[in-house]
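Engineer: below are the sequence and a predicted model; questions follow.
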Amino acid sequence: MAKNFHPYLPPLRIKIVSRFLWVVGLYAIFGILMIVAVAQTSRMTPRLIHVNYDSIAASGQMMKAWSSFKHPDLDPKGNIAQWEKQFEDALTLEEHNITEPGEGEIAKNIRILWDKSRTDPSNISQDDFYRMNENLHQLVTINEAGMFRIAEKSSNLGNKVFSGGIVFLCVTLIIVLFLSNGIANRLAYPLKAIAETLRSRPVLGTKLKLPTPTSLELKILNHEMFQMWNNLSELRQLNVEEINTQRNELRTILTFVEDAILVLNTDGIVLHANSGIKKFIDLPLEEIIGRQWTDLSTTNENYLHLRTILQSDLTQHQATQITVAGKKRSLSVRFREIESEKGVVTGTLYLFHDVTDRRQTEKLRREFIGVLSHELKTPLQSLSVCSQLLTEHKNDLSTDGQLLVDTINEDVSRIRAVANDFIQVGVENLSSLKLLLEQVYLDEALTQWLKPFRVLARDKKINIEFEINGTEKPLAKIDQVKFPWVISNILANSVRISPPNTTIKVTLKNSDSEIFIEMADQGPGIPPEIQKRMFDPYFQAATDIGEEKTTGFLGIGLTIAREVVEAHNGTIKFSPNIPTGAIFTVSLPLVHLAGLLP
């Protein structure tokens, strides 16, 4: 890793080790010197003391032998030869054991006196006797002094070694303190500089100012800090861009939402307003946003009215009215407090929903229910009476006539049941239809449902074709009263508007999960402006279709058809038939034969 950062920068570990190696080296040198000194002292002192001691012991032996040699009567058991030998051996030892200054001169004097006296022991003068004893005593004294001197030197050397050790420890302690302080400063200074730089809260995106690294570790730390700082700067930039994007998206959504939106902070300042508010109070958005809501520079009646409402005790879905472009508009006012993550209220969002069209639709629905109830009862009653009369004389009619009479009776009964259901449902909701579902093979059912329309189509020179393109038996669950009405409604319109010598094609096919009934005619088709809303409830339009002009609830039949199909969990779709005509496709869930119970 060190190769990726200035190789000439030594690692901090090496610096620390190198500094402390100086201390270790000093301790090593001092230890060696101490060991040498102690070893030398411990080896030389006993040897020197032993030499002095040997000299003192030899002096004692010579004293004893000299006294016996001079006065043989003092030691009856001894003999002259033995004492002579003892003195000679001791003197010879002393002559080879000279260690002290002046000791050699004394040994020389003793040798002279001994050589003189040994030749004639009886002729030893008193003077020589005393001189010999004096020399021997001097020899003892000088060796004793040497022993004391050696002991003193050894003690002084020990004191010097001890004092040197104390001085060395103090000096090395001071050196260690200085080295430790230097290392601490080397470690602490750059870290402190980094901490102070971060504590100053530099602006993300600017260059981070860090101290020049003095070691490989600090170089690596600086590199990682720069990397993290750049990553944070990039992340902040991305966050800012994301926040701006989300803000712009939210602003776009709020601007183009159909409802009027007003956002106020806790001080009543307008934080956001969309084009709906602009349309209501007729004031540019730049004169609304950022201003005090209660102090806008306008006397618009709608503004004054809405300001009064927002200042009062507002309730959810509170209804009010304003005038826009000279027309009364009904509004439902809702609001919600905006809270921060800590639950502190920071503002309020007001939503002004225009319910004018919905109320108009409800009004049309009520009118339609009344019209349907009134308009269907009398014709249905007349059709019922006529169908009964035709039934009584059915035997007088042809086969086709009898088929038509049976179809009329079935359709009258079906229309009466469906009309009663829809009049009741219309008071509540079309989606609350109740179905009596049965499993029906649609190929067989469609064959029966198409019979009366074939008779009517033949009279108008229109051909009805029925084709089955399925991979499975077309089994579905349907209400046998309501669902046939959907097919009858679409086919009746197709027969009514199709010109002569055209074809109405009914195709039954299926996928793995659905059955499709496709009904295509070659009539004039449906204008594009009506296609968009022909399934809407209570849609009114005046159109010319074929040779007939129709006015009123054009979409009611298709609306009912759609509700019936969707109640069966199916769909109904329209598409133009090229070059002319219309195609209605009804889909239903397919019931698989393998899933039937025996």
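Structural biologist: That came in fine, so what should we check first?
Engineer: CA atoms for contacts and neighbours, from now on please.
Structural biologist: Fine.
Engineer: quick one: low-confidence ranges for the stretch 101-250 of the chain?
Structural biologist: Low-confidence segments of the stretch 101-250 of the chain (pLDDT under 70): 121-123, 247, 249-250.
Engineer: mind running it again at 50?
Structural biologist: Regions of the stretch 101-250 of the chain meeting the criterion pLDDT under 50 are absent.
Engineer: run through the stretch 451-598 of the chain and note the low-pLDDT ranges.
Structural biologist: Those would be 543, 545-554, 595-598, if you go by pLDDT under 50 across the stretch 451-598 of the chain.
Engineer: all strands of it, in order?
Structural biologist: 463-469, 475-479, 503-510, 514-520, 540-545, 548-553, 571-576, 582-589 (DSSP state E, counting those that start in this stretch).
Engineer: pull the CA atoms of the third one into PDB?
Structural biologist: This file holds the C-alpha atoms of strand 503-510, laid out as PDB (Å, rounded to 0.1, in the frame of the first residue of the first chain):
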ATOM      1  CA  THR A 503     -72.900  -8.100 -42.800                       C
ATOM      2  CA  ILE A 504     -72.900  -8.200 -39.100                       C
ATOM      3  CA  LYS A 505     -70.300 -10.700 -37.900                       C
ATOM      4  CA  VAL A 506     -70.500 -12.300 -34.500                       C
ATOM      5  CA  THR A 507     -67.300 -14.100 -33.400                       C
ATOM      6  CA  LEU A 508     -66.800 -16.300 -30.300                       C
ATOM      7  CA  LYS A 509     -63.200 -17.100 -29.300                       C
ATOM      8  CA  ASN A 510     -61.200 -17.600 -26.200                       C
END
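Engineer: partner strands of it, parallel or antiparallel?
Structural biologist: strand 463-469 (parallel), strand 514-520 (antiparallel) (DSSP bridges).
Engineer: to Gly205, which of those lies closest?
Structural biologist: strand 514-520 (59.8 Å; C-alpha to C-alpha).
Engineer: just want the angle from that closest one to strand 582-589.
Structural biologist: Relative orientation of strand 514-520 versus strand 582-589 (axes from the mean of the first three to the mean of the last three C-alpha atoms, to 10 degrees): 160 degrees.
Engineer: now strand 514-520: how far from the chain's centre is it?
Structural biologist: Distance of strand 514-520 from the chain centroid (C-alpha atoms, centre = their mean, to the nearest Å) equals 50 Å.
Engineer: what residues does it touch?
Structural biologist: With C-alpha atoms under 8 Å, 6 or more residues apart in numbering as the test, strand 514-520 has contacts from 474, 476, 490-491, 504-510, 577, 581-590.
Engineer: go again using 7 Å as the cut-off
Structural biologist: If you take C-alpha atoms under 7 Å, 6 or more residues apart in numbering as the criterion, strand 514-520 is touched by 474, 504-510, 577, 582-590.
Engineer: circling back: tell me which of the strands paired with strand 503-510 sits most buried.
Structural biologist: strand 514-520 (a mean of 22; mean count of other C-alpha atoms under 10 Å).
Engineer: next, the angle from it to strand 571-576.
Structural biologist: On the basis of the same axes, to 10 degrees, strand 514-520 is oriented at 30 degrees to strand 571-576.
Engineer: how about the helices of the stretch 151-300 of the chain, start to end?
Structural biologist: In the stretch 151-300 of the chain, the segments counted as helices under DSSP state H, counting those that start in this stretch are 216-256, 275-281.
Engineer: Leu349 is nearest to which of those helices?
Structural biologist: Among the helices of the stretch 151-300 of the chain, helix 216-256 comes nearest to Leu349, with 11.3 Å by C-alpha to C-alpha.
Engineer: circling back to that earlier point, of the helices of the stretch 151-300 of the chain, which is nearest Phe535?
Structural biologist: The nearest among the helices of the stretch 151-300 of the chain, by C-alpha to C-alpha, is helix 216-256 at 26.2 Å.
Engineer: what is the neighbour count of Val333?
Structural biologist: Using other C-alpha atoms under 10 Å, Val333 has 21 other residues around it.
Engineer: what does the strand or helix carrying it contact?
Structural biologist: Taking DSSP states H and E as the definition, one finds Val333 inside strand 327-339. Contact partners of strand 327-339, identified using C-alpha under 7 Å, 6+ apart, comprise 316-323, 345-356.
Engineer: and stretch 236-252, how far from the chain's centre?
Structural biologist: So, by C-alpha atoms, centre = their mean, the centroid of stretch 236-252 is 19 Å from its chain's centroid.
Engineer: now swap in stretch 271-279 and tell me
Structural biologist: The gap between the average C-alpha position of stretch 271-279 and the chain average comes to 36 Å, counting by C-alpha atoms, centre = their mean.
Engineer: can you give me the end-to-end distance of it?
Structural biologist: 17 Å (C-alpha to C-alpha, to the nearest Å).
Engineer: so for it, what gets flagged as buried?
Structural biologist: In terms of neighbour count (16 or more other C-alpha atoms under 10 Å), stretch 271-279 has its buried residues at 271-278.
Engineer: count of neighbours near Trp83?
Structural biologist: When neighbours are counted by other C-alpha under 10 Å, Trp83 registers 21.
Engineer: nearest residue to it in space, please, no chain neighbours.
Structural biologist: Distances taken as C-alpha to C-alpha, 6 or more residues apart in numbering place Ala65 nearest to Trp83, at 4.9 Å, with adjacent residues excluded.
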